[in-house]
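J.: The amino acid sequence is not available; the structure is as follows:
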């Protein structure tokens, strides 16, 4: 077993001070020695941290951050380090079940897939593809999201596909699209390595996953990069680097950077 840190006692891991490019720090957690590693990405915080999945005898036995990934430079948060362990739960559903007359009964793969196809065709013929919707978990790997996308879009042609990873930040996504033309992050985390100032509006950056606050807290900003907090909602905010010019914003007030 390999564990680079106890992510309960040490949530984000040691800071890595730098002046230039954010240094590599590879976080890893494995329960057994993997036979091989599969390149992937963690999407549990919607940051898209690059990771490798350790596989042994067809089972996931661990993960590690990818040093060459430009988002996390090898770092993984608590979710990334531990989220995969649910795959090895001792209580998985080992038999397919179909509800017949209100009672769940064991079924074969052929029976289950035939029923799924039959009911899908029934809805498509009766109500069109608009009658089918997918609401997807936010706790999957990117390969699983791709498979669900192929099933929903290419196979069933439904326009109704949504996931918790987007809905939990839907307002932010809509605001970004209106302001910058993209519903995702419009800039690069690397910008934080050279910025002169950071303006926080309605957001406690220090409580966010480690990529942004980690760079600010460990980088050259400690020498004097102002962090401006323009919201009364930042009661828990503390400075992540340099001078804190926090000022609650309200009616009749203005924040200047």
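T.: On my side now, so go ahead. Just so it is clear, the model here is predicted, and its values are computed rather than measured.
J.: how close does the residue lying closest to residue 27 once chain neighbours are set aside sit to residue 89?
T.: Nearest residue to residue 27, sequence neighbours excluded (CB to CB, 6 or more residues apart in numbering): residue 76, at 4.2 Å. Any C-beta I mention is one placed from the backbone N, CA and C, and that applies to glycine too. Residue 76 sits 21 Å away from residue 89, taking CB to CB, to the nearest Å as the criterion.
J.: higher neighbour count, those two?
T.: residue 76 (31 against 8; other CB atoms under 10 Å).
J.: Outline the domain layout of the chain.
T.: If you go by automatic domain parsing, the domain ranges for the chain are 2-88, 96-165, 187-257.
J.: And for stretch 11-23, what's in contact with it?
T.: 4-5, 7, 25, 27, 73, 75, 77-78, 189-190, 193, 210, 214-215, 217-220, 222 (CB atoms under 8 Å, 6 or more residues apart in numbering).
J.: one step back: for residue 171, find the nearest of the domains of the chain.
T.: Minimum separation from residue 171 across the domains of the chain (CB to CB) falls at domain 187-257, 10.5 Å.
J.: before we move on, back to that, got phi/psi on the residue nearest to residue 27?
T.: phi -140, psi 140 (degrees, to the nearest 10).
J.: just checking, it touches residue 41?
T.: No - with contact defined as CB atoms under 8 Å, residue 76 does not count as touching residue 41 (11.0 Å).
J.: coming back round to it: return the residues in contact with the residue nearest to residue 27.
T.: Counted by CB under 8 Å, 6+ apart, residue 76 has contacts 27, 28, 29, 42, 49, 51, 63, 64, 65.
J.: Among these, which one sits closest to residue 132?
T.: Of the contacts of residue 76, the one sitting nearest to residue 132 (CB to CB) turns out to be residue 42, at 28.9 Å.
J.: bridging residues for that closest one?
T.: Taking DSSP bridges as the rule, residue 42 bridges to residue 49.
J.: could you check the distance from it over to residue 22?
T.: Going from residue 42 to residue 22 by CB to CB gives 18 Å.
J.: Between those two, which is the more surrounded one?
T.: For residue 42 and residue 22, the more surrounded residue by other CB under 10 Å is residue 42, and the numbers stand at 27 against 21.
J.: how close does that one get to residue 189?
T.: Taken as CB to CB, the span from residue 42 to residue 189 is 15 Å.
J.: got it, and residue 14?
T.: Using CB to CB, residue 14 is found at 19 Å from residue 189.
J.: neighbour-wise, which of the two wins?
T.: Neighbour tally, residue 14 and residue 189, criterion other CB under 10 Å: the higher count belongs to residue 189, 17 against 10.
J.: Would you list the phi and psi of the more buried one?
T.: In terms of degrees, to the nearest 10, the main-chain angles of residue 189 are phi -60, psi -30.
J.: The one 10 residues further on now?
T.: For residue 199, the backbone dihedrals are phi -110, psi 120 (criterion: degrees, to the nearest 10).
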